[in-house]
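Enquirer: next input, structure requested:
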Amino acid sequence: MIGLISATAAGAAARDRLAAAWPDRTRVYPGPAGAAAARAFAECEQLVCFLATGATVRLLAPLLTDKTTDPGVVCVDEAQQHAVSLLGGHAGGANELAHAVAGVLPGCRPVVTTATDAVGIPGLDTLGWPVEGALAAVGRALLDGEPVALRADAVWPLPPLGPSLSAPPAKAPAGVAPAGPAGATLAVTDRVLPPEGRTAVLRPPSLLVGVGASRGVPADEILTLLERTLAGAGLSPRSVAGLATVEAKAGEPGLLEAARRLGLPLTTYSADRLAGVEVPHPSEHPLRAVGTPSVAEAAALTAAGAGGALVVPKQKSAPEGRPAMATCAVARRRPRGRLAVVGLGPGARDLLTPRAREELRRASVLVGLDQYVEQIRDLLRPGTRVLESGLGAEEERARTAVAQARAGHAVALIGSGDAGVYAMASPALAEAGADIDVTGVPGVTAALAAAALLGAPLGHDHVCVSLSDLHTPWEVIERRVRAAAESDLVVTFYNPRSRGRDWQLPKALDILAGHRAPDTPAGVVRNASRPGERVTVTTLSGLVPESVDMMTVVTVGNSASRTVAGRMVTPRGYRWQEGL
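Expert: Below is the predicted model of the structure:
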C-alpha cells in the first residue's frame, strides 16, 4: 500500500489526483503531517509526501531503522514539478515509484539520485536475486569503471552490469574462483564461498528440492533435513527456487507449512510422470505407497526441467527415537536464455513503446541491422554487447540471436515497425526451440503509421502485401493482389518499388484498377514519422509509381473509401454514412 501525506491545498489536490489514479494501491492519511507520516510509515510499504524535502526528512528521520525494511519514500514539491526519490530507492522501490508518480502528475519529472540509476547500471540489489557479501564495494567498483571479475557457474540472462565487468578467459577452470583481496569480484553461484573482502555473490534460482514425506510429517523435520542436506553439499539455501513432490502429498500439512516458512512454491507432479524419470535410487516403498519408485529424486529432476542434473541424491531425515518421515534430493536447473524480439516502431522516438525500452535496457546482447541499432544505441545500458550487420543478413541475425540466447544470455533482436510483420520475428522463431524463453514486443508497424498520417484508410477489412519477389515468387504475389482486388479489400503495399524492381507496383495497380474506379482514394507515405516525411493523398489513377521507393508505403482504398477534407477515410460499416 502507498501512503499519501499532504499539508497544503495544492498538495492535497495532487494527492487526490494520485489517489484517483491508483484507488486500489493508495491510502490517504489526513490530519497534521507529522502524525500522518508516522502512521503511514508504520502501515505502508511506500509513501508519497507532498511536502518539502527538508520537512519530509525531519518528519521521517526518527522513524528510520533499516534500509532493507523501511518504506520507500517519494517527495513531491508544492508545484508538482519534481517527484524526488528520497528514501529506499532500490529496496523500497522509490526510484520506480518516482517515475510512476511523474507519469500521473502533469508536468512532473522524476528525480533519481541513486548512483547506479544515474549512470544506467542496474544495482546488484535490484536484480530480483538474493545478493550478499561486499555489495557496496563491488557496486562502487562498477561505478568507477574499475575492472570487476565475473566468476559464474553458468551463464544467466542478467542485464548488462557495466563495461568494466569481465568474464574469465575461455581456458579458465570451470566453477567459481574468487579474484582475491586485491580485485573486485562478482560471483554468480549457488555454492557457499569462503568470505572475501571485495567479493559480492549473486544467488541464482538454480536449485530445486524434491521432497518425499510420510503422512503426518512435522514441518520442522523437513526444514531440518533440507538445511542439513544443503549445508553438507556446500549449497546456499538462497538459491533454492522451489519444492516439489508427488500429487498424493499436495495437501500434507507439514509439507505445506515448510514451504510457507521458506517462502517457496510447492509444485506437485503425478505419480505416472515421476515414475517415468530415471533416478539413481528407486525404492519399493514409495512405489507401494504413492505409485512411483521415486519421489524426492524424480520430483527434483522434473522440477529442474530439461538439462537439469541431480546434485544431491536422496537424503533421509534423522529424527531421534523414531523412523525417518522425510526424504529430499536437490537438482540444479540449466539456465534458460531469453530472447526478446523487439519492434522499434516506424522510427520516431515517441512511437517506441515503453515495453520496448525496457527490453532494450534488460538485454545484455543486442542483435540488429546497423541502421536500426543507431536509432536506439543511446537507450542501451553501459556494457551491452552489440552485434550488428548490414542489409540482407536477416537470417544470419536471427541465427546469431538464438545462439546467444541458447548460450544463456538475455538477448534483444530488433526490427523496425512491428518485429512480427515482414521483420525479424519469423526467421528468429523458426530457429528458436523450446530450450529458450521467447517474448515478443509489438511495435507500431509501417501500415499503421502511414494510415494515421493519411487519415483512416484501414477503417474496415484490409490486407498487407509485400511486392518484393526476392523471397516470394511473383506468381504468388500476383495471385494475392488479385484476390484482394476481387474481395474489395483495402490494400497496403510494403516494399513497393526499388531501383531493381520497378515494374511490380505498376502491375499491382493495374490489377486493382480492373476492380476499382479510377477515383478510388490512394495514399503514398514516405519516411513515416522520420525526417523527410512526405504524405500524399491521391487516387488510384493519379498515383505516380516513380514517386515511390523502398522507404514508402502505398495504401489503396476499397469501393467504399472516400476522401474527406483531404484525408482518406474507409467507413467502419458496410454502408457509407449518409450525407458524407
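Enquirer: do a quick rundown of the strands in the stretch 1-150 of the chain.
Expert: Ranges of strands within the stretch 1-150 of the chain are 2-6, 26-28, 46-50, 72-76, 82-87, 109-111, 131-133, 148-152, based on DSSP state E, counting those that start in this stretch.
Enquirer: can you list the buried residues in the second one?
Expert: Buried residues in strand 26-28, counting neighbours by 16 or more other C-beta atoms under 10 Å, are found at residue 26. The way it works is simple: take the backbone N, C-alpha and C, and place the C-beta from them, glycine included.
Enquirer: longest helix of the chain?
Expert: With DSSP state H applied, the helix covering the greatest number of residues in the chain is identified as helix 219-233.
Enquirer: give the pairing partners of the helix or strand just after it; include direction for each.
Expert: Stepping forward along the backbone from helix 219-233, the first helix or strand reached (DSSP states H and E) is strand 240-246. Taking DSSP bridges as the criterion, strand 240-246 sits next to strand 207-213 (parallel), strand 266-269 (parallel) in its sheet.
Enquirer: residue 380: which of those strands is closest?
Expert: Taking C-beta to C-beta as the measure, the strands paired with strand 240-246 were each checked against residue 380, and strand 207-213 came out nearest at 32.1 Å.
Enquirer: rounded mean pLDDT for the closest one, please.
Expert: Per-residue pLDDT values across strand 207-213 average out to 97.
Enquirer: just checking, what packs against the longest helix of the chain?
Expert: Taking 3 or more C-beta pairs under 8 Å, 6 or more residues apart in numbering; DSSP states H and E as the contact definition, the neighbouring helices and strands of helix 219-233 are strand 207-213, helix 253-262, strand 309-316, strand 326-332.
Enquirer: how about the strands of the stretch 1-150 of the chain in a markdown table, adding mean pLDDT?
Expert: Below are those laid out as a markdown table (pLDDT from 0 to 100):
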| stretch | mean pLDDT |
| --- | --- |
| strand 2-6 | 93 |
| strand 26-28 | 92 |
| strand 46-50 | 93 |
| strand 72-76 | 93 |
| strand 82-87 | 92 |
| strand 109-111 | 91 |
| strand 131-133 | 92 |
| strand 148-152 | 91 |
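Enquirer: please identify the most buried of these.
Expert: Across these, the average number of neighbours (mean count of other C-beta atoms under 10 Å) peaks for strand 72-76, which reaches a mean of 29.
Enquirer: which other residues reach it?
Expert: Residues from elsewhere that reach strand 72-76, judged by C-beta atoms under 8 Å, 6 or more residues apart in numbering: 11, 14, 45-53, 56, 60, 82-89, 91-94, 97-98, 101, 105, 108.
Enquirer: cool, and stretch 114-129?
Expert: Residues lying outside stretch 114-129 but in contact with it, judged by C-beta under 8 Å, 6+ apart, are 85, 89-91, 95, 112, 131, 135, 138-139, 142-143, 158-162, 186, 200, 202-205, 361, 381-383.
Enquirer: would you mark the buried spots in stretch 384-398?
Expert: Within stretch 384-398, the residues that qualify as buried are 384, 388, 394, 397, 398, counting by 16+ other C-beta under 10 Å.
Enquirer: then stretch 146-165?
Expert: If you call a residue buried by 16+ other C-beta under 10 Å, then stretch 146-165 has these buried ones: 148-153, 155-162, 164-165.
Enquirer: do the same with stretch 504-516
Expert: 504, 505, 508, 509, 511, 512, 513, 516.
Enquirer: possible to save these as CSV with secondary structure and distance to residue 280?
Expert: Formatted as CSV, these follow (DSSP: H, G, I helix; E, B strand; the rest coil; distance: C-beta to C-beta, whole Å):
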residue, secondary structure, distance to residue 280
504, helix, 64
505, helix, 67
508, helix, 65
509, helix, 70
511, helix, 68
512, helix, 69
513, helix, 74
516, coil, 72
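Enquirer: nearest to residue 477, out of the strands paired with strand 240-246?
Expert: Relative to residue 477, the nearest member of the strands paired with strand 240-246 by C-beta to C-beta is strand 266-269, separated by 49.7 Å.
Enquirer: what residues does the helix or strand just after that closest one touch?
Expert: Where DSSP H and E defines the elements, the next helix or strand beyond strand 266-269 is helix 271-275. With C-beta under 8 Å, 6+ apart as the test, helix 271-275 has contacts from 246-248, 287, 290-295, 298-299, 302.
Enquirer: hmm, try it at 6 Å
Expert: 246, 290, 291, 292, 298 (C-beta atoms under 6 Å, 6 or more residues apart in numbering).
Enquirer: same deal with stretch 87-107?
Expert: 14, 18, 21, 46, 67-68, 70-74, 80, 83, 85, 108-110, 112, 114, 117, 123, 125-126.
Enquirer: try it again at 8 Å.
Expert: Looking at stretch 87-107 with C-beta under 8 Å, 6+ apart, the contacting residues turn out to be 2, 14, 17-18, 21-22, 45-46, 48, 60, 64, 67-74, 76, 80-81, 83-86, 108-114, 117, 123, 125-126.
Enquirer: what about it, distance to the chain center?
Expert: Relative to the centre of its chain, stretch 87-107 is centred 19 Å away, using C-alpha atoms, centre = their mean, to the nearest Å.
Enquirer: buried stuff in it?
Expert: Neighbour-count burial for stretch 87-107, counted by 16+ other C-beta under 10 Å, picks out 87-98, 100-102, 105.
Enquirer: and what of stretch 61-77?
Expert: Neighbour counts over stretch 61-77 (16+ other C-beta under 10 Å) mark 70, 71, 72, 73, 74, 75, 76, 77 as buried.
Enquirer: again with stretch 514-530
Expert: The neighbour-count criterion (16+ other C-beta under 10 Å) identifies 516, 520, 521, 522, 523, 524, 525, 526, 527, 528, 529 as the buried residues of stretch 514-530.
Enquirer: and what about residue 282, helix, strand or coil?
Expert: For residue 282, the assignment made with DSSP: H, G, I helix; E, B strand; the rest coil gives coil.
Enquirer: tell me the contacts of it?
Expert: By C-beta under 8 Å, 6+ apart, the residues touching residue 282 are 293, 294.
Enquirer: i'd like the first residue to be 404 from this point on
Expert: All right, first residue 404 from here; so that's residue 685.
Enquirer: what about it, distance to residue 699?
Expert: Residue 685 sits 11 Å away from residue 699 when distances are taken as C-beta to C-beta, to the nearest Å.
Enquirer: then residue 557?
Expert: In this view, residue 557 and residue 699 are 24 Å apart by C-beta to C-beta.
Enquirer: residues near residue 700, how many?
Expert: Burial of residue 700, expressed as a neighbour count using other C-beta atoms under 10 Å, amounts to 28.
Enquirer: actually residue 968, not the one I typed
Expert: Neighbour count for residue 968, taken as other C-beta under 10 Å: 6.
Enquirer: what about stretch 564-584, average pLDDT?
Expert: Across stretch 564-584, pLDDT averages out at 56.
Enquirer: ok, now stretch 726-739?
Expert: Across stretch 726-739, the average pLDDT comes to 95.
Enquirer: end to end, how far does it reach?
Expert: Distance between the two ends of stretch 726-739: 40 Å, counting by C-alpha to C-alpha, to the nearest Å.
Enquirer: make a markdown table out of the buried residues of stretch 787-801 and add pLDDT, secondary structure and distance to residue 673.
Expert: Formatted as a markdown table, the entries for those read as follows, by pLDDT from 0 to 100; DSSP: H, G, I helix; E, B strand; the rest coil; distance: C-beta to C-beta, whole Å:
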| residue | pLDDT | secondary structure | distance to residue 673 |
| --- | --- | --- | --- |
| 787 | 93 | coil | 43 |
| 791 | 93 | strand | 48 |
| 797 | 87 | helix | 43 |
| 800 | 94 | helix | 42 |
| 801 | 95 | helix | 37 |
